[in-house]
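**Q** coords please:
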Amino acid sequence: MKNNHKIKRAFLAAFPYTLPIFAGFWFLSLAYGIYMNVSGFSFLYPMIMSAVIFGGSLEFVAVSMLLSAFAPLQTLIMTLMIQARHLFYGISMLDRFKDMGWKKYYLIFGMCDETFSINYTAHIPEDIDPGWFYFFVTLLNHLYWFSGSTIGGLLGNYIHFNTKGLDFVMTSVFVVIFLEQWLKEKQHINAWIGFIASFGCLIIFGPDNFMVPTMICILVFLTIFRKPIQEKGDTLSS
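**A** Numbering: from 1, shown residues only. Prediction:
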């Protein structure tokens, strides 16, 4: 009973932190589920992908991957580059997850941008178990995305308005991430690296082939200029 009480207290402490995520996740995940449906996929696709991949931007990109020619190497590189920032998240949470037991494996799997932000910055009361707090933040955010994607996939069959342009949701996600990063940084070295690399690769490789070279260039330049970026106060975790 004491253990159940501890778990309940951790849930009640974690839940309010996830409410803003619920609002954002449900809008995007519903759009993702509908987008998958109007692209010709059964609701099972967004349901399973949201449960197993749990990476919003990657899941949107995966739609075009599924509709294009079979290219496993390009898909692997694209996936690694889009989710590479999670390497930095994981390093930041190594000490916190060290003694979490079985929960550690789910916390590693379920770490997304929003979950990392809460778990890394939240002030957890001393009487709340941190492991269960982290677990419920991760689980709730995962459930928000999973349920929204599944419902969106189901509702897509009953939507009769013009869904042309719905895939622009993915573009808007990246724009919001870029603007958030721009406002957060003291200097804008990271943003300029991304902008210049994207524009240069777009010119050189064309609109159909510039994505992977762009992300490789960004990774290379961030690695080369890591020290001056850190000295100027910019972050590399995004």
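
**Q** contacts and neighbour counts: CA atoms only from here.
**A** Noted.

**Q** how confident was the prediction at residue 9?
**A** pLDDT, residue 9: 91.

**Q** which ones are touching it?
**A** residue 128 (CA atoms under 8 Å, 6 or more residues apart in numbering).

**Q** after the helix or strand where it lies, next one along is what?
**A** Assessed by DSSP states H and E, residue 9 sits inside helix 2-38. Later in the chain than helix 2-38, the nearest helix or strand by DSSP H and E is helix 44-52.

**Q** helix or strand right after that following helix?
**A** Counting by DSSP H and E, what follows helix 44-52 is helix 56-67.

**Q** ok, and what's touching whatever helix or strand comes next after that next one?
**A** Using DSSP H and E, the next helix or strand after helix 56-67 towards the C-terminus is helix 72-82. With CA under 8 Å, 6+ apart as the test, helix 72-82 has contacts from 57-58, 65, 212, 215-216.

**Q** name the member of those residues with the most neighbours.
**A** Among those, the one with the most neighbours (other CA atoms under 10 Å) is residue 215, at 21 neighbours.

**Q** can you tell me the SS state at it?
**A** Three-state call for residue 215 (DSSP: H, G, I helix; E, B strand; the rest coil): helix.

**Q** next: the one 3 residues further on.
**A** Under the three-state scheme (three-state DSSP), the conformation of residue 218 reads as helix.

**Q** and it, how many neighbours?
**A** For residue 218, the neighbour count with other CA under 10 Å is 21.

**Q** and residue 98, how many residues sit next to it?
**A** Count around residue 98 with other CA under 10 Å applied: 10.

**Q** domains in the chain, as residue ranges please.
**A** 2-158, 185-231 (automatic domain parsing).

**Q** and the next helix or strand past the helix or strand of the chain with the lowest mean pLDDT?
**A** The helix or strand of the chain with the lowest confidence, counting by mean pLDDT, DSSP states H and E, is helix 168-184 at a mean of 63. As assigned by DSSP H and E, the chain's next helix or strand after helix 168-184 is helix 189-205.

**Q** buried set for that following helix?
**A** By neighbour count on 16 or more other CA atoms under 10 Å, the buried set for helix 189-205 is 189-191, 193-194, 197-198, 200-202.

**Q** need the winner for burial among the domains of the chain.
**A** A comparison of the domains of the chain by mean neighbour count, using mean count of other CA atoms under 10 Å, puts domain 2-158 on top with a mean of 17.

**Q** reformat the buried residues of helix 189-205 as a markdown table; add pLDDT and distance to residue 91.
**A** Formatted as a markdown table, the buried residues of helix 189-205 follow (pLDDT from 0 to 100; distance: CA to CA, whole Å):
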| residue | pLDDT | distance to residue 91 |
| --- | --- | --- |
| 189 | 74 | 22 |
| 190 | 72 | 20 |
| 191 | 76 | 22 |
| 193 | 81 | 23 |
| 194 | 78 | 23 |
| 197 | 86 | 26 |
| 198 | 83 | 27 |
| 200 | 89 | 31 |
| 201 | 86 | 30 |
| 202 | 85 | 32 |
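
**Q** turn those into a markdown table, columns for distance to residue 93.
**A** Formatted as a markdown table, the buried residues of helix 189-205 follow (distance: CA to CA, whole Å):
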| residue | distance to residue 93 |
| --- | --- |
| 189 | 25 |
| 190 | 23 |
| 191 | 25 |
| 193 | 27 |
| 194 | 26 |
| 197 | 30 |
| 198 | 30 |
| 200 | 35 |
| 201 | 34 |
| 202 | 35 |
